[in-house]
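Colleague: next one to model:
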Amino acid sequence: MCALSLKIDSLNNSDDGELTFLGRVLAHLPVDLHLGKMIALGHVFGCLQESLIIVASLSLKSFFSMPFLNFQAGY
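Modeller: Prediction:
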């Protein structure tokens, strides 16, 4: 119990519960957190178009697992 109280009372605790800048950006994106982080880092590294293509393909369910009749009904 003493170690827990020392951790809580620590003055060096940098976890104040506030969101980081990246966290605020990810909160506004309507995608999964991992995919949103890929979009944000794609913008940072200058390859946004490529990362958007990859994220778009990862965000959808695989069309190979869709039954043929359901796929055909979409046309």
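
Colleague: quick one: low-confidence parts of this protein?
Modeller: Across the chain, the ranges flagged by pLDDT under 70 are 1-15, 63, 66-75.

Colleague: all the helices of it, residue numbers only.
Modeller: Using DSSP state H, the helices assigned to the chain run over residues 2-8, 21-28, 33-44, 48-59, 68-73.

Colleague: could you dump those helices to a markdown table with mean neighbour count?
Modeller: For every residue, glycine as well, the C-beta is placed using N, CA and C. Shown next, in a markdown table, are those (neighbours: other C-beta atoms under 10 Å):
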| stretch | mean neighbour count |
| --- | --- |
| helix 2-8 | 8 |
| helix 21-28 | 12 |
| helix 33-44 | 15 |
| helix 48-59 | 13 |
| helix 68-73 | 8 |
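
Colleague: quick check: closest non-adjacent residue to Leu19.
Modeller: In space, and not counting its chain neighbours, Leu19 is closest to Ala27: 6.8 Å by C-beta to C-beta, 6 or more residues apart in numbering.

Colleague: also Val55?
Modeller: Spatial nearest neighbour of Val55, excluding adjacent residues (C-beta to C-beta, 6+ apart): Leu35 at 4.7 Å.
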